[in-house]
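>>> Predicted model follows, preceded by the sequence.
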Amino acid sequence: MSKVNVGRRTHRYEGELVVFHIGMQINRIWRPDLWLPVFMAMPRMLRELSVDPDSGLLGYSLLFGRGGPYVVQYWSSAAKLYAYAAEPSQEHRPAWTTFNRMARKAPGAVGIWHETFIVERAESIYGSTVPMGLAGATEVVPIESRHDRAQTRMADGRTGVAA
């Protein structure tokens, strides 16, 4: 288990930042034969990305929301995210092909969705937490007194200002 960072922290990261949400919606819970393969594909993709330092994946959080599980991912560039999605030799492309084939056989049984955000600035605060979210994907740093307020951290114009 990660160590709790006591006190107020923020994140620090310089460079392009992409936040990517991806999830599935289970519409027919009684049909695990249709949604379980979709559910099982994501851990394989995350494992593949996590062991490759050049993949562009900075970190991720697994969550459960309305209708099913989803993942918040942090990427170093949109180009790396799109390259991964399109590469036939990696896990995503075959999983996408399988999903499309299943979706044609049982329309509406399971849904998938994603949202991509290219972030120019980001503000964060973590009070006595383990590294998580954006700070867990980048760098956790203490908040200095001149950046005590969210508005000040955001107005500074730099992502995750701590110095």
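That came through fine. Numbers count the residues shown, from 1 in each chain.

>>> which stretch of helix or strand covers residue 117?
strand 110-119 (DSSP states H and E).

>>> so where do the helices sit in this protein?
32-50, 78-86, 92-105, 133-137, 150-155 (DSSP state H).

>>> coming back round to it: list the contacts of the strand holding residue 117.
16-28, 34-35, 38, 67, 70, 78, 81, 99, 102-103, 159 (Cβ atoms under 8 Å, 6 or more residues apart in numbering). C-beta here means a position set from N, CA and C on the backbone, and glycine is covered the same way.

>>> now with 6 Å?
Outside strand 110-119, the residues that touch it by Cβ atoms under 6 Å, 6 or more residues apart in numbering are 17-25, 34-35, 38, 78.

>>> any chance of those residues in TSV, plus pLDDT and neighbour count?
TSV is the format used below for the contacts of strand 110-119 (pLDDT from 0 to 100; neighbours: other Cβ atoms under 10 Å):
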residue	pLDDT	neighbour count
17	96	24
18	97	21
19	97	18
20	98	19
21	97	15
22	96	19
23	96	20
24	94	20
25	95	17
34	88	18
35	89	22
38	89	22
78	97	16
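
>>> Buried ones in the helix or strand of the chain with the lowest mean pLDDT, by neighbour count?
Of the helices and strands making up the chain, the lowest-confidence element is helix 150-155, at a mean of 73, by mean pLDDT, DSSP states H and E. For helix 150-155, burial by neighbour count (16 or more other Cβ atoms under 10 Å) applies to 153, 154.

>>> Can you dump the C-alpha atoms of it in CSV for me?
Coordinates of each C-alpha in helix 150-155 appear next as CSV, following Å, rounded to 0.1, in the frame of the first residue of the first chain:
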residue,chain,number,x,y,z
ALA,A,150,-7.0,26.9,-5.9
GLN,A,151,-7.4,30.1,-7.8
THR,A,152,-3.8,31.0,-7.3
ARG,A,153,-2.5,27.6,-8.4
MET,A,154,-4.6,27.8,-11.6
ALA,A,155,-3.8,31.5,-12.3
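
>>> ok now it, how far from the chain's centre?
Its chain's C-alpha centre and that of helix 150-155 lie 23 Å apart, by Cα atoms, centre = their mean, to the nearest Å.

>>> who's in contact with stretch 80-96?
Contacts of stretch 80-96 (Cβ under 6 Å, 6+ apart): 18, 20, 41, 44, 45, 48, 56, 75.

>>> Which among the residues you listed count as buried?
18, 20, 41, 45, 56, 75.

>>> so how far is residue 17 from the nearest residue to the fifth one once chain neighbours are set aside?
Okay, so that is residue 56. In this structure, residue 56 finds its nearest non-sequential neighbour in residue 80, 2.7 Å apart by Cβ to Cβ, 6 or more residues apart in numbering. Going from residue 80 to residue 17 by Cβ to Cβ, to the nearest Å gives 12 Å.
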